[in-house]
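S.K.: Fold the following and give me the result.
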Amino acid sequence: MKMVKSLVLGSAAALLAVGGAQAADLPVKAKAVEYVKICSLYGPGFYYIPGTDTCIKLGGYLRADVIINSNSDYTGNTSGAGGAANRFTNGYTWRSREDLNIDTRTATEYGVVRTFFDATFSWTSDTYAGQGNGSTVYSPIGTVSAPNNANSGAVAAGTVGVYYAFIQFAGFTMGKAVSQFSAPWANYPGNNYDGLVGGGGTITGVNQFTYTAQFGNGVSLSLSAQDQSAYYQAGVFNLGAPVTIAPPGALGIVGVSDYAGTIAPDLVAMLRVDQAWGLFQASFAAHDNHVAYYGGSELTGHPDDKWGWAGQLALSIKNIPTGPGDTINLQGVYTNGATRYNIQDLAGSAGANTIYGGTGIPGAYQSIGFGFAPDSVFVTGGSQQLITTYGFRGAYVHNWNPNWNTSIYGAWAQVNYNGTSKSYICGAGGTGFGGTFAPLLGGAANLTSCNPDYSIAQIGTQTQWTPVKNLTFSADYVYTHLDQSFAGTINFPGSAAIGKPAAVYELKDQNTHQLMFRAQRNW
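M.R.: Numbers count the residues shown, from 1 in each chain. Just a heads-up that it's a prediction; the model follows:
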């Protein structure tokens, strides 16, 4: 009996030992994988970053543009080779672009903390420039040319642009974002064209520190300090400095820009009412014009600072009787010493136009139209004279059906100089056409009117087709008219870069136009 008992106990011990060994050989149960979870707090497209309470959303677009009659992207052809109207003017410019934006949000006891980043990666064809000796050089954006042959051996690189990079917390916006002065549609009341005058811009963002108070029922007030140096300086023209014209530069034809260091940011206030019927916005900006010296050193003295300002009203009307989703967007602006709040940063070279055309005057080679719009002008020993501008832009957008829409849009801006600044430019002792500037032009051949005032008018139409969600094809046409107040003829020194000879040119109003085809896929 004892033998049987010992055998049973031994067998049980052996089975337990084998079972223990087999259990030791089994794999340990893996930790559960933490999959990405949808974050429904801030709308579609957000996901929780694994292991955190922060939600993230990725977005962007891929875009291909072809612009007819342009030496740049869709910003206007009112200067340089684009305004030359000759063999240096491109028949087309091509751009391919990828946009990437990253939006993160975290709920805290103080409210939502948000960061937003948007960057673009672009390849844009460029233009040829004459060398004055029968040769040309190509200067493509983002390429490095071979040292011995500028037309070959380039390395494709493209360009990177940082549009937005800001933090929002407890009503504050800190970083690079669209100016609070601008209307919600910024440069685009109903268009793809970048170069509309008649209102604030910075569609690519401007550094700012802003506080926005929400009062409920769609009413808000924003107070902002924003950087003026990147996008809001139109020029402080020193008419007493030596002027070299070969050809007129981007700063105008009657002086050189004379900015000093940055002292004060632009101060902006914006009141907005956003309702189901549409939107109303009133904006105000104060802009300090801070000049360096009359001459080359501190001993020459300087003019005092002079503050300029800008005011803008914007109105959007939705749900109009012409069809579902139809919209009318309107805005008007007035500036004094703050020109870029009207002729905005992407308006081509609208602040320094040089456009060529034909002429019917015997003895004249061609015609030329000038328009330059700084913030202020001054002479040695004198004070700054602020330049006044006013204008508007607007659009009507009609939806034919969910896949097709057409817009009609337009803009206009007027630039006015006061009597003192006109005497500086056109008076007997002035530095402009009627004064000491004339010898630089070879003397005025037959100047019948010297008046730097001018206006720009633009009208266009756009049609978009969206065959499937987030894929849009569009065609956009714009016509621009420069109405300048100079008259007569001048002996213009010419421009080697765009093949213009030194000759007699008629001073005359000018017209130009552009057409863009775009394909864009949003994601």
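S.K.: Least confident secondary structure element in the protein?
M.R.: helix 2-25 (a mean of 45; mean pLDDT, DSSP states H and E).
S.K.: C-terminal to it, what's the next element?
M.R.: Downstream of helix 2-25, the first helix or strand assigned by DSSP states H and E is strand 47-48.
S.K.: ok, residue 284 touching residue 308?
M.R.: No: the criterion here is Cβ atoms under 8 Å, and residue 284 misses it with residue 308 at 11.9 Å. Using the backbone N, CA and C atoms, a C-beta is placed for each residue, glycine as well.
S.K.: Which one of those two is surrounded by more residues?
M.R.: residue 308 (24 against 15; other Cβ atoms under 10 Å).
S.K.: show me the contacts for the more buried one.
M.R.: Neighbouring residues of residue 308 by Cβ atoms under 8 Å, 6 or more residues apart in numbering: 286, 287, 288, 289, 335, 336, 337, 338, 375, 376, 386.
S.K.: Show me what the third one is bridged to.
M.R.: Residue 288 has the following beta-bridge partners by DSSP bridges: residue 307.
S.K.: Can you verify my assumption that it contacts residue 229?
M.R.: No: between residue 288 and residue 229 there is no contact under Cβ under 8 Å: 11.2 Å.
S.K.: Would you mind measuring from the closest residue to residue 208 other than its chain neighbours to residue 264?
M.R.: Spatial nearest neighbour of residue 208, excluding adjacent residues (Cβ to Cβ, 6 or more residues apart in numbering): residue 226 at 3.9 Å. Taking Cβ to Cβ, to the nearest Å as the measure, residue 226 falls 11 Å from residue 264.
S.K.: what about these two, which has more around it?
M.R.: residue 226 (23 against 14).
S.K.: tally of neighbours for residue 177?
M.R.: Residue 177, neighbours per other Cβ under 10 Å, totals 23.
S.K.: hey, what's it bridged with?
M.R.: Beta-bridge partners of residue 177, as defined by DSSP bridges: residue 206.
S.K.: Could I get the contacting residues of it?
M.R.: Contacts for residue 177 (Cβ under 8 Å, 6+ apart) come out as 116, 164, 166, 205, 206, 208, 210.
S.K.: right, and out of those residues, which lies closest to residue 391?
M.R.: The nearest member of the contacts of residue 177 to residue 391, counting by Cβ to Cβ, is residue 206 at 20.2 Å.
S.K.: Settle this for me: the closest one is touching residue 229, isn't it.
M.R.: No: the pair residue 206 / residue 229 is not scored as a contact, 9.8 Å apart, by Cβ under 8 Å.
S.K.: returning to that earlier point: give me the more crowded residue out of residue 288 and residue 229.
M.R.: Between residue 288 and residue 229, residue 288 has the larger neighbour count (other Cβ under 10 Å), namely 18 against 13.
S.K.: pLDDT score for the more buried one?
M.R.: pLDDT recorded at residue 288 is 98.
S.K.: Pull the contacting residues for it.
M.R.: Residue 288 makes contacts with 228, 263, 264, 266, 305, 306, 307, 308, as judged by Cβ under 8 Å, 6+ apart.
S.K.: quick one: which of those residues has the most company?
M.R.: Ranking those using other Cβ under 10 Å puts residue 266 first, with 27 neighbours.
S.K.: That one - nearest residue in space that isn't next to it in sequence?
M.R.: Closest residue to residue 266 apart from its sequence neighbours, by Cβ to Cβ, 6+ apart: residue 228 at 4.6 Å.
S.K.: ok, now which ones touch the one you found?
M.R.: Neighbour list for residue 228: 262, 264, 265, 266, 287, 288 [criterion: Cβ under 8 Å, 6+ apart].
S.K.: Perfect, I'm done here.
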